[in-house]
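Novice: no sequence for this one, just the structure:
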């Protein structure tokens, strides 16, 4: 016998990375995420260490750009010290934005995120597809065009700070792990 059906209408679609990132996911935090009282169309995981998925992130005052496109654009005209310059750009544009988000932080409204786990109201995905190209035809994180299309239709997307999975160590750097800025937390309350 399985558990009784949850006390909410609708169906959910869960997209997750299967590389061990979600192995320690707490089922209580997953259930609590589904029962959030406000209207949400997608919830994304936070991590037990620094929030690593800056590539998928689009959030006002945190990261509202394609960081890898920005790094590529900055590198185009640099002929000398390319490796050193790229490392500095990665530290500045990616690792310095990888904050530790306390689990008791309010939901963080985003235009896009992922963090290895996304829970979607299936209806909010209807008719949409994943794509790895942005509106200009450039390569981008496959989650971003989908989430921007959802936002265009009025969807509410959030990082749920209490929905914790693991931080993949290969995606963080020495500048990763600063405290989540209080100025950002104040905006979400």
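Specialist: Right, received. Where do you want to start? Just so we're clear, the structure is a prediction, and the values are computed from it rather than from any experiment.
Novice: tell me how far the longest strand along the chain lies from the chain's centre.
Specialist: Counting residues, the longest strand in the chain under DSSP state E turns out to be strand 157-165. For strand 157-165, the distance from its own C-alpha centre to the chain's C-alpha centre is 9 Å (C-alpha atoms, centre = their mean, to the nearest Å).
Novice: stretch 48-64 now?
Specialist: That offset, for stretch 48-64, works out to 6 Å (C-alpha atoms, centre = their mean).
Novice: got the buried residues for it?
Specialist: The neighbour-count check on stretch 48-64 (16 or more other C-beta atoms under 10 Å) flags 49-59, 62-63 as buried. No exception for glycine: its C-beta is placed from N, CA and C like everyone else's.
Novice: pull the longest helix from this structure.
Specialist: Looking across the chain with DSSP state H, the single longest helix is helix 82-93.
Novice: which residues are in contact with that helix?
Specialist: Residues outside helix 82-93 that contact it (C-beta atoms under 8 Å, 6 or more residues apart in numbering) are 54, 67, 70, 71, 74, 75, 78, 173, 174, 175.
Novice: avg pLDDT for the helix or strand following it?
Specialist: Remark: after helix 82-93, the chain's next helix or strand is strand 108-110, criterion DSSP states H and E. In this model, strand 108-110 has an average pLDDT of 96.
Novice: what packs against the helix or strand just after strand 108-110?
Specialist: Scanning forward in sequence from strand 108-110 by DSSP H and E, the next helix or strand is strand 117-121. Judged by 3 or more C-beta pairs under 8 Å, 6 or more residues apart in numbering; DSSP states H and E, strand 117-121 is in contact with strand 12-16, helix 27-34, strand 42-47, strand 157-165.
Novice: what's the closest non-adjacent residue to residue 26?
Specialist: residue 164 (6.7 Å; C-beta to C-beta, 6 or more residues apart in numbering).
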